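[1] take this sequence and fold it.
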Amino acid sequence: MTAKTPDTKGKTILYANCEQGMADYISGILKGRYNVIITCDAVETLNILQGEQDIAVVISDLPVAISVALFAEIKTIRPHCKVMLLTSHLDVDAAKHAIEQGAINKYLTRPWNKKRLQRQSMSWLRRITPPKD
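    Coordinates of the predicted model:
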């Protein structure tokens, strides 16, 4: 017996990272399964989120302080959005505070487990129902 995989087609992940090599790597992990938009900074990320496109998940690999501030703003613009922080140098106190404040849902540190990133993204996308206007 095989389990039916819930449909994640058409759901979009917004990935913020200014390092092209890492953006290509993460995009490669996620593309094919999801729509992926790559941004280079917090301003561009917020501009996209303020637009009409439905973004289900935001993953940021920007510096921790910028990501935490970005995620707090995202929660005011798109409260249904799930957010994940990827970082090589985790400021544990900042991440814990952000989780307590509800600004981030999850964080992963380098080296990332490719399968864990895919599973977490898939799990969120399956459970998200776009808000009704």
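[2] so what's the residue lying closest to L86 once chain neighbours are set aside up against?
    Leaving aside its sequence neighbours, L86 sits nearest to D61 (C-beta to C-beta, 6 or more residues apart in numbering; 4.3 Å). Quick note: C-beta positions are derived from backbone N, CA and C, even for glycine. Each residue near D61 by C-beta atoms under 8 Å, 6 or more residues apart in numbering is listed here: Y15, A16, N17, E19, M22, A23, I26, S67, L85, L86, T87.
[3] buried ones among these?
    Buried members of these, counted by 16 or more other C-beta atoms under 10 Å: Y15, A16, N17, A23, I26, S67, L85, L86, T87.
[4] where's A69 relative to A42, distance?
    Look at A69 and A42: by C-beta to C-beta, to the nearest Å, they are 7 Å apart.
[5] so the two - more neighbours on which side?
    A42 (19 against 15; other C-beta atoms under 10 Å).
[6] okay, strands next: where are they in the chain?
    12-16, 35-39, 57-60, 82-87, 106-109 (DSSP state E).
[7] quickly run through the sheet partners of the first one, with directions.
    If I follow you right, that is strand 12-16. Under the criterion DSSP bridges, strand 12-16 sits next to strand 35-39 (parallel), strand 57-60 (parallel) in its sheet.
[8] and for the last one?
    Applying DSSP bridges to the sheet, strand 106-109 is found paired with strand 82-87 (parallel).
[9] model confidence over the partner strand, on average?
    Here strand 82-87 scores 84 as its mean pLDDT.
[10] and the contacts of it?
    Residues contacting strand 82-87 (C-beta under 8 Å, 6+ apart): 17, 26, 56-61, 63-64, 67-68, 71, 74-75, 95, 98, 103-110, 112, 117, 120-121, 124, 128.
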